[in-house]
Every structure is written in C-alpha cells, then in structure tokens.
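> okay, structure incoming, though there's no sequence with it:
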C-alpha cells in the first residue's frame with residue numbers, strides 16, 4: 001500500500017510517498033531532508049502525540065488548569081488518557097512545570113502549563 005503524507009518536521013513540507021507492508025514502512029520517497037523518513041516511520045508505525053488539555057480545579061483562582069504531557073504518548077492511548085484526566089480534581093496551588101501526575105499512564109508526566117493559586121476569601125469585619 002502507498003500512503004501519501006505531508007512531512008511537518010521542517011518548513012519545507014515535503015510530500016512523502018510511503019510504501020507500507022504489514023504495518024511496516026518499507027520505502028519512503030519525496031523527502032528533501034533526513035527528517036522526512038524518520039517522521040513517516042514514526043507516524044505510520046507508532047504514532048504519538050503530546051496531550052494538551054485542562055483539569056478541574058477546586059479552591060483555586062482558575063476553574064480549569066491547563067496541563068500537558070512532558071512528551072508524546074501513543075495516539076492509541078489518547079481516549080484512555082482523557083478518561084483519566086476527567087477524574088483529576090486539582091486542589092493545590094501549582095506553578096508552570098509542576099508535575100500533576102507522575103508517569104501518567106506509564107508514559108509521561110502530566111504537568112501544569114499555567115500557574116494556579118489559592119482563592120482568597122474575605123474575612124468579615126467582625127472577625
């Protein structure tokens with residue numbers, strides 16, 4: 001089978017033709033740099049994505065805290081990852097880069113991409 005794809009590894013955007021047999025890349029043509037074959041092989045044989053989303057927050061200045069994985073996780077695990085993220089309720093202050101979940105799904109750390117602080121509560125004058 002021949003699959004046509006556009007390489008996104010550099011600004012050139014080469015139009016690649018990838019020959020695939022039994023789920024494995026056997027030949028790649030159309031690349032103008034060494035990044036094209038590496039990209040095509042990864043995308044066909046083991047596609048992965050960095051997951052960027054939000055988690056619920058409780059008692060913080062944000063209702064939702066933006067997070068992402070520290071490196072790409074298998075594309076096949078994205079739905080499972082989102083189901084796990086729905087279970088997270090962040091109730092502690094975080095800074096950019098703080099780990100929310102270590103070894104998320106056994107793949108990558110899930111980190112905060114925005115600072116979230118405690119919500120300030122006003123005390124009454126009688127206190």
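Here it is on my side, so go on. Here the structure is a predicted model, which means the values were calculated and not measured.

> list the helices and strands the host helix or strand of residue 82 packs on?
Secondary structure assignment for residue 82, by DSSP states H and E: helix 78-86. If you count contacts as 3 or more C-beta pairs under 8 Å, 6 or more residues apart in numbering; DSSP states H and E, helix 78-86 packs onto strand 52-57. Every residue, glycine included, has its C-beta placed from N, CA and C.

> show residues contacting the helix or strand following the strand it packs on.
Once strand 52-57 ends, the next helix or strand along the chain (criterion: DSSP H and E) is strand 64-69. The contact list for strand 64-69 (C-beta atoms under 8 Å, 6 or more residues apart in numbering) reads 50-57, 81, 85, 90, 94, 100, 104, 107-114, 116.

> in strand 64-69, which residues are buried?
By neighbour count on 16 or more other C-beta atoms under 10 Å, the buried set for strand 64-69 is 65, 67-69.

> partners of it in the sheet?
Next to strand 64-69 in the sheet, as set by DSSP bridges, lie strand 52-57 (antiparallel), strand 108-112 (antiparallel).

> gap between the first one and the chain center?
Centroid separation for strand 52-57 versus its chain: 12 Å, with C-alpha atoms, centre = their mean, to the nearest Å.

> if we can go back for a sec, pLDDT (mean, whole number) over the helix holding residue 82?
The average of the pLDDT scores along helix 78-86 is 97.

> quick one: that helix to chain centroid distance?
11 Å.

> buried residues, it. List them.
Neighbour counts over helix 78-86 (16+ other C-beta under 10 Å) mark 78, 81, 85 as buried.

> could you do stretch 32-41 as well?
Buried residues in stretch 32-41, counted by 16+ other C-beta under 10 Å: 36-37, 39-40.

> ok, for residue 15, nearest residue in space, not its chain neighbours?
Leaving aside its chain neighbours, residue 15 sits nearest to residue 30 (5.2 Å; criterion: C-beta to C-beta, 6 or more residues apart in numbering).

> I misspoke; the intended subject was residue 35.
What sits nearest to residue 35 in space, not counting adjacent residues and going by C-beta to C-beta, 6+ apart, is residue 9, at 3.8 Å.

> the one you found against residue 41, yeah?
No: between residue 9 and residue 41 there is no contact under C-beta atoms under 8 Å: 11.6 Å.
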